[in-house]
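Trainee: Please work out how this folds:
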Amino acid sequence: MSTSESEHMRPPDSNTVAMITELHGGGHDPIQEEARQMRRQWEECAQDPYKAGPQSKYTRYNVRVDHTNGDRSTEIKLFSTARPHMRALHCAWFSFFSAFMIWFAPAPLLGEIQNTLGLSKAEVWTSSITNDCTAIFMRIIMGPICDNYGARLPMALVLIVASIPTAMVGLVNTAGELALVRFFIGIAGSSFVMSQFWPSRMFSREIAGTANGIVGGWGNLGGAWTQLMMGTLLFPAFREYYDGDTEKSWRLICVIPAAFTFTLGLILPFISDDAPLGNYSEMKKNGSMDRIFFTTSLRSGATTNTWILFIQYACTFGVELVMNNAAVLYYTSEFGLSTDEAATLGFIYGSMNFFARGLGGYFSDSLNIKMGMRGRLWLQTILIVMEGLIIIVFSFTKTLSIAVVIMCIFSIFTQAAEGAIYGVVPYVSKLYTGSVAGFVGSGGNVGSVIFAFGFRSLDYDKAFLLMGSLVMASSLLSFCINIPCHAGMISGEDNHAVIQARQRYIDRKEEERRQRMEDQAAVGTVVTERDNKGENDSDNC
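Mentor: Purely as a prediction, here's the structure:
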């Protein structure tokens, strides 16, 4: 949330109302009446956590909100799809899921494409590198775009545009054409920035790690689903339909995820909101937010803390991305599995996202309540160390069953570390969260490109060993993170305002817990009285 928006949303105090009254006198002065009405509205908000703030397009929400923080939600009702908060969360993860699906739609088919076109290992990996290069640039520019326009419209545009080259995969005939098509498909990778900015816009920072973790983790499941859908379901089905013609099969099936995602992009703007108060265009008109300039956002988001998180995300999400490309190739070449068998194992790797990334965000939020920023930083550091260590162990594994088990373990630590890192991101810059999210997110693609060069040039065991060593080394950078007003890993303390904000959140949660207990007790009393009345009536009969 921008500083200007925070000022717009702060309830007027009694001195402000008194000053307005004194300036405009008594009677029915419209300005004085407006001030009184605004005061009444804020007083009602203070008594009712579900009531929408005066500048919101809604009148009530189905979640408790913080009225002093742009009506951001202080809770997550995962099974609700009510607008605006929970609808935005579900739209964010499902849009990212769909974007991930088309982003890596060709990945499970690379072995078949390689055989059909007679490509070398280096040429196949070159196409994977170009797939990430686009996402690096697009993620950086999408951050400031989100700061100024919100996540809803950029997400829809990316889904529509990236679907077109995905549908054209079946037209490639050379290594250059494959690299070019995957270069433009890489636009889908920028959807990650919107998927992380959107929850940060809807939920308070105390639970932003959990919200971002859920969206990022469930969205990343698109990579796992792609392995299963393209390599294990659609490819064998089309191959059987065309009497064993593998070439015709892989040339046709990418049209299916492309058509689905294109349709979603057309629908998305009409079923969701940019922020709790409404859409950015409306908020700018009614004065509840100011315009943020692209260059200012881009420049202000590139802090030292941002670049450290950029490197660490390169060593977490970068690992996940390279595994999406490498899993099928690794298991087919090292263990002699078929494409559909190897794709199933690739699905297992990605499926850890269902819970791992969300848990990373949840534990980051929990440690923040107990230890402040220091808890968040220690968690992400430990997770990154464990990730790198287990990747190194994986590099020495020569048995298929053991390799699969170890792969799942390092997948869990990788994705939990991703969730923990994005628990820190909303704190780096309150005003330019989109820009920070874009820079850090692009680090994942940079890491994937760097690691892909290793897999392109080295044997698999040496490539995994190199990757694990770099991941472990990146964990040391956490000691250099110094977010203003917050404690570092070793030195510094949270300032008074940060401690107060954390205590308010704890008090609010305690009040909610007490209220629920009172409501349950009241319900129990009513039931008991009704039962007693029923017994008395029965005796009278």
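Trainee: Tell me where the protein has strands.
Mentor: For the chain, the strands defined by DSSP state E occupy 65-66, 72-73.
Trainee: Go through those and find the least confident stretch.
Mentor: When mean pLDDT is averaged over each of the strands of the chain, strand 65-66 scores lowest at a mean of 90.
Trainee: how much space between R72 and Y427?
Mentor: R72 sits 14 Å away from Y427, going by C-beta to C-beta, to the nearest Å. From N, CA and C alone the C-beta is placed, and that goes for glycine too.
Trainee: Then R513?
Mentor: For R513 relative to Y427 (C-beta to C-beta), the value is 26 Å.
Trainee: So for those two, which sits in the more crowded spot?
Mentor: Each of R513 and Y427 has its neighbours counted (other C-beta atoms under 10 Å); Y427 has more, 21 against 10.
Trainee: In space, what's closest to the more buried one - neighbours in sequence excluded?
Mentor: Leaving aside its chain neighbours, Y427 sits nearest to I483 (5.4 Å; criterion: C-beta to C-beta, 6 or more residues apart in numbering).
Trainee: residues touching the one you found, list them.
Mentor: Applying C-beta atoms under 8 Å, 6 or more residues apart in numbering, we find I483 in contact with N305, M373, V424, Y427, V428.
Trainee: could I get the residues you listed as TSV with distance to A105?
Mentor: TSV is the format used below for the contacts of I483 (distance: C-beta to C-beta, whole Å):
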residue	distance to A105
N305	35
M373	39
V424	32
Y427	35
V428	33
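Trainee: Most neighbours among those residues, please name it.
Mentor: V424 leads those on contacts (other C-beta under 10 Å) with 27 neighbours.
Trainee: and T399, how many residues sit next to it?
Mentor: 10.
Trainee: what's the distance between it and V405?
Mentor: Counting by C-beta to C-beta - T399 and V405 are separated by 10 Å.
Trainee: With F453 instead?
Mentor: 28 Å.
Trainee: Likewise for T306?
Mentor: 36 Å.
Trainee: Tell me which of the two has more neighbours.
Mentor: A count of neighbours by other C-beta under 10 Å puts T306 above the other of T306 and V405, at 22 against 12.
Trainee: OK, contacts around that one?
Mentor: Contacts of T306 by C-beta under 8 Å, 6+ apart are V428, S429, V436, F439, V440.
Trainee: If we use 7 Å, what do you get?
Mentor: V428, V436, F439, V440 (C-beta atoms under 7 Å, 6 or more residues apart in numbering).
Trainee: got it, and I256?
Mentor: I256 neighbours (C-beta under 7 Å, 6+ apart): L234.
Trainee: Tell me how many other residues crowd N69.
Mentor: 21.
Trainee: oh, and call the first residue 14 from now on, that's how I've got it
Mentor: Yep, numbering from 14; the last one is N82 now.
Trainee: so it makes contact with F216?
Mentor: No: N82 sits out of contact with F216 when judged by C-beta atoms under 7 Å, with a separation of 9.8 Å.
Trainee: still on that earlier bit, in JSON lines, list the contacts of I496 along with pLDDT.
Mentor: What follows is the contacts of I496, written out as JSON lines (pLDDT from 0 to 100):
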{"residue": "N318", "pLDDT": "94"}
{"residue": "M386", "pLDDT": "93"}
{"residue": "V437", "pLDDT": "93"}
{"residue": "Y440", "pLDDT": "90"}
{"residue": "V441", "pLDDT": "91"}
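Trainee: Nearest to D507, out of those: which one, please.
Mentor: Relative to D507, the closest of the contacts of I496 is M386; by C-beta to C-beta it sits at 6.8 Å.
Trainee: That closest one and P497 touch, don't they?
Mentor: No: look at M386 against P497 with C-beta under 7 Å: they stay out of range, at 10.4 Å.
Trainee: What distance do you get for the closest residue to S111 other than its chain neighbours to F107?
Mentor: In space, and not counting its chain neighbours, S111 is closest to T274: 4.6 Å by C-beta to C-beta, 6+ apart. T274 sits 11 Å away from F107, going by C-beta to C-beta.
Trainee: Tell me which of the two has more neighbours.
Mentor: Set T274 next to F107 and count neighbours by other C-beta under 10 Å: T274 wins out with 28 against 17.
Trainee: how close does the more buried one get to I177?
Mentor: Counting by C-beta to C-beta, the gap from T274 to I177 is 10 Å.
Trainee: same check, this time on V171
Mentor: 11 Å.
Trainee: Neighbour count: those two, which is higher?
Mentor: V171 (25 against 14).
Trainee: measure stretch 60-78 end to end?
Mentor: 12 Å (C-alpha to C-alpha, to the nearest Å).
Trainee: What are the phi and psi values at I494?
Mentor: In terms of degrees, to the nearest 10, the main-chain angles of I494 are phi -70, psi 130.
Trainee: how many other residues sit next to the nearest residue to K297 once chain neighbours are set aside?
Mentor: Using C-beta to C-beta, 6+ apart and skipping residues adjacent in sequence, the residue nearest K297 is R304, 6.5 Å away. As a burial measure, R304 scores 10 neighbours (other C-beta under 10 Å).
Trainee: can you pull the pLDDT of R304?
Mentor: 74.
Trainee: Please report how far it lies from N82.
Mentor: 20 Å.
Trainee: Okay, A59 and V78: tell me how far apart.
Mentor: 12 Å.
Trainee: These two: which is more packed in?
Mentor: Between A59 and V78, counted using other C-beta under 10 Å, V78 has the larger neighbour count: 27 against 12.
Trainee: ok, for that one, nearest residue in space, not its chain neighbours?
Mentor: Going by C-beta to C-beta, 6+ apart, V78 has D84 as its nearest residue, at 4.6 Å.
Trainee: same check, this time on N299
Mentor: Nearest non-adjacent residue to N299 (C-beta to C-beta, 6+ apart): Q68, at 6.2 Å.
Trainee: The stretch 314-463 of the chain: helices as residue ranges?
Mentor: 317-327, 330-348, 352-364, 369-384, 386-408, 413-441, 446-470 (DSSP state H, counting those that start in this stretch).
Trainee: Only the buried residues of the second one, if you could.
Mentor: Buried residues in helix 330-348, counting neighbours by 16 or more other C-beta atoms under 10 Å, are found at 330-345, 347.
Trainee: and it, what does it pack onto?
Mentor: helix 123-130, helix 352-364, helix 413-441, helix 446-470, helix 473-487 (3 or more C-beta pairs under 7 Å, 6 or more residues apart in numbering; DSSP states H and E).
Trainee: and the angle from that helix to helix 413-441?
Mentor: 170 degrees (axes from the mean of the first three to the mean of the last three C-alpha atoms, to 10 degrees).
Trainee: Give me the contacts around helix 330-348.
Mentor: Contacts of helix 330-348 (C-beta under 7 Å, 6+ apart): 117, 120-121, 123-124, 141, 145, 233, 236, 240, 244, 350, 352, 355-356, 358-359, 362-363, 413, 427-428, 431, 457-461, 464-465, 468, 473, 480, 484.
Trainee: For the stretch 114-263 of the chain, give me the ranges with low pLDDT.
Mentor: Of all residues in the stretch 114-263 of the chain, none has pLDDT under 70.
Trainee: can you pull out the helices in it?
Mentor: Counting by DSSP H, counting those that start in this stretch, the helices of the stretch 114-263 of the chain are 123-130, 134-162, 165-180, 188-198, 204-215, 221-239, 248-254, 259-266.
Trainee: Kindly reformat the ones you listed as TSV containing distance to L290.
Mentor: As requested, the helices of the stretch 114-263 of the chain are exported to TSV (distance: least, C-beta to C-beta, whole Å):
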stretch	distance to L290
helix 123-130	45
helix 134-162	15
helix 165-180	13
helix 188-198	35
helix 204-215	10
helix 221-239	18
helix 248-254	46
helix 259-266	43
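Trainee: which one of these is the most hemmed in?
Mentor: Ranked by mean neighbour count, the helices of the stretch 114-263 of the chain are led by helix 204-215 with a mean of 30 (mean count of other C-beta atoms under 10 Å).
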